[in-house]
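Asks: no sequence on hand, only this structure:
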């Protein structure tokens, strides 16, 4: 920011090099350049600056601009560019942008997108505007979007694109290629497999385009086609991502309940889903409901406060144990000093087990097959960790207070709490999974509560028994 | 498990349907069927059972088998199958399997894999065995693996496959397709782009195979080729994943420092990386170093204990504050009851901010551009959350203890701690990132320490001032 304006690059290529840092993230100095051009209303400079960026980078840029600058930027984007940027924007910013753009402009932009991306954008529109936008679109595009929206949120149907290339079983490679050349205009922009279908349009195999390219023209499709993994149209997107990851799929056919081919999912959509799902896990474990970039302060507060309130209640329950031992604490205040250590170590041990269990469940490494075995192993690990910590801290406490019984009470309480932490950390997500709930959500509240409660109760209780 | 053996499916197709559940995870009942066949040494039944599975599912199955059953299973796998399974196995189990297989068998299996996957497996071999295996391989394969291993761990060079399809700028679509048909045997098994190179073998564009297929034969490659995003060979895999995700890439050319094309990375490898990196974030936040499935109890203990030990030290530091206020606690034991609530709520608020900041850094939504703005926003959110919690809990405490000054001390301490938590949760990962360190690692230790320390100090200190 300390650079003079005349140091800044102006030639087109220089600008492209300048726009992105070495790590392909937007150059921090690029943002004020855009803001400056917006302030001056210099639309030629803006065209130059935006021309140096990929739509994904413009979406990124918009995240860094102020709300007002964002709105001023919109008229400088042509429909095609606007369309691509819309499907890259974070939800909050997208909603803001959608409000600012006229229905007719939006309709024109959405025609540029694949049906899945267009549906995704329309889904974010408010009811009234949605009706206006859809009414302004050509019949075919509107129908595709409406069909897509009819599938549940986060299902394969919503994720798939309806544009797909299919060929009958009895065709040869040559016939297929000739067909593709003839129909070139109606094909999806990019595709990786030609699905081979039977007369009732059920997929029976897939011919990767790289195999089509190198096979002799008279080779029958049936000879070069590969096994397919069919995705039911109502499958949850997390399952779809699991299957793509497991079998290293590039694309997969999506089928209706009857088995008819209705669309395809490609791996580039899955990359986004994997990102989303792992972010959901991290946020669920940390007790945050998602409020992305662009959320205002109040939305952020609302995304954090509920869990803190629940935590207040569980904390109140846990510390009610301490209240029961107030008499002991008055007699021996060192108990108050040491009790948080027992609770905290238990909490951390529980969080460790919990994180491992949640990830193992997500990747199906943990399932009904090895659930009991895993819980047993976590219990042994908990006992061992607890024992090691108890010996070390017990010795330190003895060194500090020269009180063997205090050391003993602390050490025993620690073993108990770290053991209980391991048990709770493994069982909570397993139980939630079995109940068909997300194992990451609310299990950390439970584990924290259990380890706080057990920590205070075990230490104060043992101290009362042994010491007083 | 309650089903009789004669209920179990035996026909091949039935077996395939039975092997995987509806969610494409391995059927829990399938595992004992395999273990049973192994016990009986029934190799025909084993061939049948394994035949129903994809290599990825066999790798999964092996994770559920006992170590002994795993070893007994190995002789039943042919080299090609073994190769594919090896590249699917979790590290710990893979190391165990690699030890059990003879070098000559391994060499034969590795010849079946792409250079990147083969290098990945060889990397897990112990020095002596690695030398034996490499010596048993043909010169070409060995060289490819050694070149791959020469690149740093987790870099683009290690991730890429050397097998790549390139064509000179001046070729037409027809010439390219003819060439592919002629060279069919030397091509990668699957490819998505033909890289267009200049005379010095620098990539200048990429022709997606689906574009090659539908273009007319006399179209020059230069006309249908698209812009490429070059990946430097020494780029970190996390950056590579970021670029693939951002630009929705299917494949990208990897170039040497001089700009020469040396290989390609395809999106299916990236799916694995994204999984790995987000798992690393979750585990780092929870204080677990990775010890996957197959790790024995001691390895698991070793993966958890270090952080618990560090936590013991930080907890000791934090509670030393309480020791300084022992006198106050003896006079008013309710302080001991309430102080963990202040610390705990601060800890949870800090964890929330931390999780959001770590993810935002990973997706480049948080960068130097908006760092200060984000910290400021988090501070405001912290103040608001703290204020809401202070009012609610303050009222509850007044209701319980009828002591306005106690309520006041508690409420003020809570506001301070939740504010400090937000500040620490945002600043810690930003500082680590700026120092070039992983923002997820060790920041949660720091945040927990700060919120414990501040919680105890603020509440006990304010109580001493206001109440006593």
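Replies: Received, thanks. Everything quoted here is computed from the prediction, not taken from an experiment. Residues are numbered from 1 along each chain as shown, chains lettered A, B, ... in the order given.

Asks: remind me what the helix or strand hosting residue A:35 packs against, helices and strands.
Replies: Using DSSP states H and E, residue A:35 maps to helix A:30-40. Helix A:30-40 sits against helix A:43-51, helix A:55-64, helix A:67-73, with contacts defined as 3 or more CB pairs under 8 Å, 6 or more residues apart in numbering or on different chains; DSSP states H and E. From N, CA and C alone the C-beta is placed, and that goes for glycine too.

Asks: the same query, at a cut-off of 10 Å, please.
Replies: Judged by 3 or more CB pairs under 10 Å, 6 or more residues apart in numbering or on different chains; DSSP states H and E, helix A:30-40 is in contact with helix A:12-19, helix A:43-51, helix A:55-64, helix A:67-73.

Asks: return the distance of it from the chain's centre.
Replies: Helix A:30-40 sits 32 Å away from the centroid of its parent chain (CA atoms, centre = their mean, to the nearest Å).

Asks: thinking again about what came up before, and the helices and strands packed on helix A:30-40: which comes nearest chain B?
Replies: Each of the helices and strands packed on helix A:30-40 was scored for nearness to chain B using CB to the nearest CB, and the closest is helix A:55-64 (4.8 Å).

Asks: quick one: buried residues of the helix holding residue A:35?
Replies: A:30, A:31, A:33, A:34, A:35, A:37, A:38 (16 or more other CB atoms under 10 Å in any protein chain shown).

Asks: for stretch A:137-157, same thing?
Replies: A:137, A:141, A:142, A:144, A:145, A:148, A:149, A:151, A:154, A:155, A:156, A:157.

Asks: kindly calculate the angle that the helix or strand harbouring residue A:276 makes with helix B:267-286.
Replies: Secondary structure assigned from DSSP H and E places residue A:276 in helix A:267-286. Relative orientation of helix A:267-286 and helix B:267-286, computed by axes from the mean of the first three to the mean of the last three CA atoms, to 10 degrees: 10 degrees.

Asks: what about helix A:267-286 and chain B, touching?
Replies: Yes - applying CB under 10 Å from any CB of the partner chain, one finds helix A:267-286 in contact with chain B at A:267-272, A:274-275, A:277-279, A:281-286.

Asks: including mean pLDDT, distance to chain B and mean neighbour count, could the helices and strands packed on helix A:30-40 go into TSV?
Replies: Listed next are the helices and strands packed on helix A:30-40 as TSV, based on pLDDT from 0 to 100; distance: least, CB to the nearest CB, whole Å; neighbours: other CB atoms under 10 Å in any protein chain shown:
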stretch	mean pLDDT	distance to chain B	mean neighbour count
helix A:12-19	77	11	14
helix A:43-51	90	13	15
helix A:55-64	90	5	23
helix A:67-73	91	12	16
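
Asks: wait, which of the ones you listed is closest to residue A:315?
Replies: Evaluated over the helices and strands packed on helix A:30-40, closeness to residue A:315 peaks at helix A:55-64, with 35.6 Å, by CB to CB.

Asks: show me what contacts the closest residue in space to residue A:364 that isn't next to it in sequence?
Replies: Leaving aside its chain neighbours, residue A:364 sits nearest to residue B:25 (4.3 Å; criterion: CB to CB, 6 or more residues apart in numbering or on different chains). For residue B:25, the contacting residues are A:239, A:242, A:243, A:246, A:363, A:364, A:365, A:367, A:368, A:369, B:57, B:60, by CB atoms under 10 Å, 6 or more residues apart in numbering or on different chains.

Asks: could you tell me the angle between the helix or strand containing residue A:83 and helix A:55-64?
Replies: Residue A:83 belongs to helix A:79-86 when assigned by DSSP H and E. Going by the same axes, to 10 degrees, helix A:79-86 is angled at 60 degrees with respect to helix A:55-64.

Asks: picking up where we left off before, between the buried residues of stretch A:137-157, which sits nearest chain B?
Replies: For the buried residues of stretch A:137-157, the nearest to chain B is residue A:156 (12.4 Å; CB to the nearest CB).

Asks: quick check, the closest one in contact with residue A:229.
Replies: No - at 11.7 Å, residue A:156 does not count as touching residue A:229 under the criterion of CB atoms under 10 Å.

Asks: quickly list what's touching both of these two.
Replies: In contact with both residue A:156 and residue A:229: A:243, A:252, using CB under 10 Å, 6+ apart.

Asks: OK, contacts around residue A:455?
Replies: A:318, A:321, A:339-347, A:413-414, A:416-418, A:420-421, B:340.
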